[in-house]
Structure formats: structure tokens, C-alpha cells
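Peer 1: got a predicted model here, sequence first, then my questions.
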Amino acid sequence: MTERILITSALPYINGVKHLGNLAGSMLPADVYARAMRLLGHDVLYICATDEHGTPAELAAAEAGQSVSAYCDAMHSAQAEAGESFKLSYDYFGRSSSESTRRLTQNFALALEANGFIEERTSKQVYSVADGRYLPDRYVEGTCPNCAFEAARGDQCDNCGKLLDPVDLINPYSAVSGSHDVEIRDTNHLYLKQADMSGRLRDWVESHTSDWPVLTTSIAMKWLDEGLRDRSITRDLEWGIPVLNADGEVREGFEGKVFYVWFDAPIAYIGATQDWAVKTGGDWEKFWRTDKGADATRYVQFMGKDNVAFHTLSFPTTIMGSGQPWKLVDELKAFNWVTWYGGKFSTSGKRGVFMDQAIDIAPSDYWRWHLMANAPEGSDAAFTWEEFQASVNSDLANVLGNFVNRITKYCAGKFDGKVPEGGSKTDAEAWIEKELSERLPRLVEFYEAREFRKAMADTRAIWAAGNEYLTQAAPWTHYKTDIDQAAIGVRYGLNLVALFGILAQPIIPDTAEKILAAINIPSDKRSWKFGEVQDLLNALPIGHDISAPDVLFSKIEDDDVDTWTEHFGGQPT
RNA sequence: GGUGAGGUAGCUCAGCUGGUUAGAGCGCAGGACUCAUAAUCCUGAGGUCGAGAGUUCAAGUCUCUCUCUCACUACCA
């Protein structure tokens, strides 16, 4: 049954090209899922965008000596390029700074306020005179009132671990400029009254305890159990979405203030969908407006575990509180972290491997396979160069690459590069048919359930079964005495190559294309409409021309691993 | 401090509502094969399931205590 599926992956923040952890935890699995669902015939829309507002963007722009908007333009392009290099198949890669998101954000705020979910309150915030800006808690440092550590951050002391309030720091200074000329000022902000939504949110989350991963519901329930607090949704910043009245004028007292990035970022999912519609002539409402058919859309979100609270609590508060018929997420897949030699990947700390560096080291397919086969689903997953090497050499080069190579070359050499006819089924053919009839439905189930590690393991097992089949069928042995019997082995082998290429498409699209081109499969014969296995293994017409592709995967040498380990500091800390 | 997620073969990880001899891949050892990227296929060795106590006919799986790791803790995103 064809379904309409909306897929979003958490928006990558604008302040730099993302590292492999970001890729593995949201964009890549969303892409693999999107590709698989398209192959299954679903009507898929995969949306992503850069998240461009907030203090770090302003600071990064200042450091780069650019205006914030010029900086964001440049970084958006860089991230779009990085996404393309990893073959992320976004239907649209938008920007949270777009006009559409600006309008939507302002409208959401007005609707929420009209419904009593927004309230203006005064809070105390540290202002740095030298920097000419208010400082988020993390950008204020000073002496910890608890342990006297001198470089405690405003939100938490790194020395004693105690949670702090920046106004309690002794001798505070700006972490941006180092200036001690800071003062505490009263400032007005809008607060989203999440507490008033707790009951509805709890009912909603509880209704999903059986179909969302534990990671997702446990994080959401933790926040609810602790008691949801109202969250400030504006900031004292220049760069962002201005706070307007219904008449379009800036709200009184909100000059120099904008919406908090976490208020507008998820709204950018909608904004980017509208931008996609403008660009393509598509209909965005059927994905987002429940009064325009979005009830029939299945909405699936992908994100790292740090984003779960925003996607299960604050964004839903925005949606529900608006009183308007917006679509809520149906399924939510959250990932843990990919860890890097005992620690976290870190953009600011420049720890780990970044997308632009990774693509210089190895083709995107290598990374896609390894990151999906070792996805941080159940718990944090360790990245090591040795594991990466093993994935590529063993799974891709030896199991898949070599299989394609051995049978296509043999066919080219002995059967003139044409699918041969003749021969009769033996135990070997019965065995592979049974194997596939069990594994293929399971594979599809794993994809539909977004169980990526299991899907990858099953895919690999199917590839390995191809090698085992050839060992059983041994056409090179039969060839000496009975060419027809050799022919069926080659024919089944070639059909397996075609199938493997078809199955590989969501994971390693470049290689899948090479395989399918070599085996000469037209694009309309590449979908995941698996019928009977016997038919699948006799899909190639007799006499069909094939060619042997060049070596599909070159192996990663020990020297490469040594070089990378040294260059990237991949050593146990 | 609080909360959450984890601690299962040398390594990376599966093990749903408790039930026969605890699984996979990699790595390692032996064998088979020779079409293929010294690839593949088969077989094998390797685990007191973090520690301790409890519930049960039966616990990796449930309860409690302890311990270690990681994450989150609301103005980083």
C-alpha cells in the first residue's frame, strides 16, 4: 500500500561542517530510510535545512570577519555541498532564515499568545558592555561560588560539576572577549507556557510508548516527571526572527530581540516544505495541515538524543497550543552518540572527523555503510579506524565487491558476457531461493521499523549467501563436463548481482548504480517490488548483455589506518 | 546532586513479554576450493552475561544494594 511519508532530520546547526556523529545520528539514517521508502513505492518527502539563528552563529561570523548573513550564506552552501557529497537525497535542503519560516514563526507566536500559551516576563541576564551583547549562560565565566574554580561557566562548573546560575559567579567575565565589564540587567522575554500543556503532552507521549524507541519516550517522560517548566522563547540578539505584533510592527520593548533559535528551528521543517512547494509546484499542505489531508501522511523524524526534548515537548507545545490544524510527528527515531576514542565528537573542540575531511579520505559509500552498520541505535557506538577498515574491506570489498566481480568476470570470460540459458535446478538453487524468501521480507520489515543495524546485518547476510551459493553451485567445476549445468549457476549468480545492486541502493547509492549499470538494469526495474523469489532469480532475460565492472571497492591498507590515526589523533585518551 | 541510558566472547554489538548446550560480524586457528580484489566457503577455539544478595521449578532477562562509563539537567544548539 502506498503511503505518503514526510521525513525530517534534525537541522544541522550553521556554525561549521558537521562531523560524522551528526551525520550518523540524523541525516544519514533519514536518507537511507527515505531512499528505502521510495524504493518500496511510497510517496516520500525528505526535508532538511540549516539552523541558522542564535549566539554561536553571530560569534562564528564575527570570528570569520563576516556579516552574519554572509557567513550563513557561505556555511549553508558548504553544508549543502557536504550533504551532496554524501549523497543525502533531500527533496529540499532549506534554511531556517527563510522568509517562510519567519512568517510561520511570527504567526505561531501570535496564535499561541491569543490562546494564552505565551506570557511576557522579566528575567535577569548578564550583559557585556565590551561585547555590546547579552551573554548566554555558557558564555559567562567566573569563579565558582561552590569550589572557587576560576574558569567556571555560567551554567555549570567544569571542576565540581555543580549547576550554576551566572548571576552567582564571583568575578564574572565574558567568555567572548574576556572583558570583566559585565553587568546584570533586567530584560523582558516571551515565555512559552509549556507547564500548561503538560497534561496533553503526557497523554500524547504515553500513547506512543509502544511504538517509539525507549530512548525517545524515556527522555520525554523524564522531563514531564520532573515537571515541565515554561521556556523563554526570545533572546537579546540582532540575528534572528523579530518579534512582531499582529499589525506587523515590532512588539513594544522587543527592539533588539528575536525569537530563540529553538522556537523557530523546528518550524523551519514547515517553512522548508513550503519553500520546496514553491520551487517544485508541490503541495505542502497535504504534509502539514490536517485539514488538508495531512492526517493521511505519516511523519517520521530523525534526531540525536540531545534533540528529543525539543521534538517531544516544546515543538509539540507550539503545534498544539496554536489551536491550528498542524501535523504532529507520528514516529520519532532518536540516536545515541558515535563516540571517538573514549569521548564525544565535538565541533567546537575539533575532535573527530568532519564530513568534508571524511570525503577526502574515502568515498561516501564507505562511510555510509560503516556508519549505518554500526549506527548508535541501542547505545553509544564507538568509532575506530580499525572497525572502519574492517567494515570496508570485509563487508564491502570481500563479500559484496568480490561477489560481483567473480561472477561477472566469469560470465564475460566463459559465456561471452550474456546471460546463459540451460541447466536444471539443484539443491544449490533451492537453497538460495529458500534463503532469500526468508531474508527479503525480514529485510523490508527492518527498514520499515527503522532498525538500521539489523537491516545492514541482514543485507550483509544476503550478500554472503550469494558467495555461499556460488560455492555450492560451482559452475567452474561443472563447466568441464556439463556447460548447461554451469550456465544455471552463472545465470543465478548474475541475477543475484542484480538483486544485490537493487538492495544496496539506499545504503551505498554510488556503488549500487555501478553494479546496476554493469548488469544493465533499466531504472524502472530497480524498485523494491519483490515478487516470488524464483521469478526474482530469473528476472534477467536469456541473452541479456552484462559487463564486468571495475573493482568496486579498493581496500583500506594498514598504512592508511596508521596515517589517519596519526593525523586525526585517534588514540585512546 | 538529580534523571536517563549502558556495562554480554580479544574488538564492535544482538539477545522481545524470564524457559533446551548464551548469538552475529570482525580478529584468530585448521580445512576445502580456485571463478574472483591472497578473495570465497566450511569447521573450530574463546564468555562465572560489571559485583553481591533476593524472588522463582527456572534469570543475561524481574527486585534490591554496590560499582564503573556515558549523556541530559531547561540561556550551547
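Peer 2: Now that the structure is in, tell me what you want to look at. The model shown is predicted, which means the values in this text are computed figures rather than measured ones. Residues are numbered from 1 along each chain as shown, chains lettered A, B, ... in the order given.

Peer 1: am I right that A:N171 is in a helix?
Peer 2: No - counting by DSSP: H, G, I helix; E, B strand; the rest coil, one finds A:N171 to be strand, located in no helix.

Peer 1: shouldn't it be in contact with A:H180?
Peer 2: Yes - counting by Cβ atoms under 8 Å, A:N171 does reach A:H180; the two are 7.1 Å apart. Where you see a C-beta, it was placed from the backbone N, CA and C, and this is true even at glycine.

Peer 1: phi, psi of the most far-flung residue of chain A relative to its centre?
Peer 2: If you look at how far each residue of chain A sits from its centre, by Cα atoms, centre = their mean, the farthest one is A:T481, at 53.2 Å. According to degrees, to the nearest 10, the main-chain angles of A:T481 amount to phi -120, psi -30.

Peer 1: same question, A:S424
Peer 2: A:S424 adopts backbone torsions of phi -130, psi 150, taken as degrees, to the nearest 10.

Peer 1: what do you get for A:Q194?
Peer 2: phi -60, psi -30.

Peer 1: OK, contacts around it?
Peer 2: Applying Cβ atoms under 8 Å, 6 or more residues apart in numbering, one finds that A:Q194 lies in contact with A:201, A:228-231, A:313-314, A:317.

Peer 1: tell me, which of the residues you listed make contact with RNA strand B?
Peer 2: Residues of those in contact with RNA strand B (Cβ under 7 Å from any atom of the strand): A:228-229, A:231.

Peer 1: filter those to the buried ones?
Peer 2: In terms of neighbour count (16 or more other Cβ atoms under 10 Å), the buried residues within those are A:228, A:231.

Peer 1: re earlier: now render the contacts of A:Q194 as a markdown table, adding secondary structure and pLDDT.
Peer 2: Below are those laid out as a markdown table (DSSP: H, G, I helix; E, B strand; the rest coil; pLDDT from 0 to 100):
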| residue | secondary structure | pLDDT |
| --- | --- | --- |
| A:L201 | helix | 91 |
| A:L228 | coil | 87 |
| A:R229 | coil | 88 |
| A:D230 | coil | 90 |
| A:R231 | strand | 90 |
| A:L313 | helix | 91 |
| A:S314 | helix | 90 |
| A:T317 | helix | 94 |
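
Peer 1: for the stretch 201-350 of chain A, which spans come out with low pLDDT?
Peer 2: Residue ranges of the stretch 201-350 of chain A with pLDDT under 70: A:342, A:347-350.

Peer 1: rerun that using 90 as the cut-off
Peer 2: A:202-229, A:238, A:304-310, A:331-350 (pLDDT under 90).

Peer 1: tell me the residues of it that contact RNA strand B?
Peer 2: A:214-215, A:218-219, A:222-223, A:226-229, A:231-232, A:235, A:260-262, A:265, A:305-307, A:309, A:336-337, A:339, A:342-344.

Peer 1: restricted to helices, list the residues you listed.
Peer 2: Among these, DSSP state H puts A:214-215, A:218-219, A:222-223, A:226, A:261-262, A:265, A:309 in helices.

Peer 1: show me which of those is closest to A:A504.
Peer 2: A:L215 (28.1 Å; Cβ to Cβ).
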